[in-house]
Every structure is written in structure tokens, then in C-alpha cells.
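In: sequence and predicted structure, then a few things I'm wondering about:
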Amino acid sequence: MKRVMLSLGILIIVAVGSLLGYTYIGPYFGADFSAPVEEVRIPIVLDSTSLEGQ
């Protein structure tokens, strides 16, 4: 059991390190992490009559 926990801990450390490395080095390889810049407008209808019966 100790060997399994040690392997799992090492795997988690390697995974976190890989993710951090990708976030720093990724833009040099063409990965774009910026949010899309566009305005989104969705019309909504507020219907207050549906709450009158409660």
C-alpha cells in the first residue's frame, strides 16, 4: 500500500508540474489562453405574471 501511495503522490507532482510548465511555455508553441473578446447579448423576457398564483 505504501508503494501505491508513493506512486500516486509522484504522479500527482509530475502532473501538476507538467500543467504549470504548459501554462508558461504553451504560448511560445501557439497555445492561446486568452478569453474570446466579443460582446454577447441575449434578450430575456421577464414575466412577473407567472409568480402571481403562488
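Out: Yes, it's here.
In: next, residue 32: secondary structure please.
Out: coil (DSSP: H, G, I helix; E, B strand; the rest coil).
In: residue contacts, the spatially most central residue of the chain?
Out: Central residue of the chain (C-alpha atoms, centre = their mean): residue 33, 10.8 Å from the mean position. With contact taken as C-beta atoms under 8 Å, 6 or more residues apart in numbering, residue 33 is in contact with 23, 26, 27. Backbone N, C-alpha and C define where each C-beta goes, glycine included.
In: how about these in CSV, adding secondary structure and neighbour count?
Out: Shown next, in CSV, are the contacts of residue 33 (DSSP: H, G, I helix; E, B strand; the rest coil; neighbours: other C-beta atoms under 10 Å):
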residue, secondary structure, neighbour count
23, helix, 11
26, helix, 12
27, helix, 12
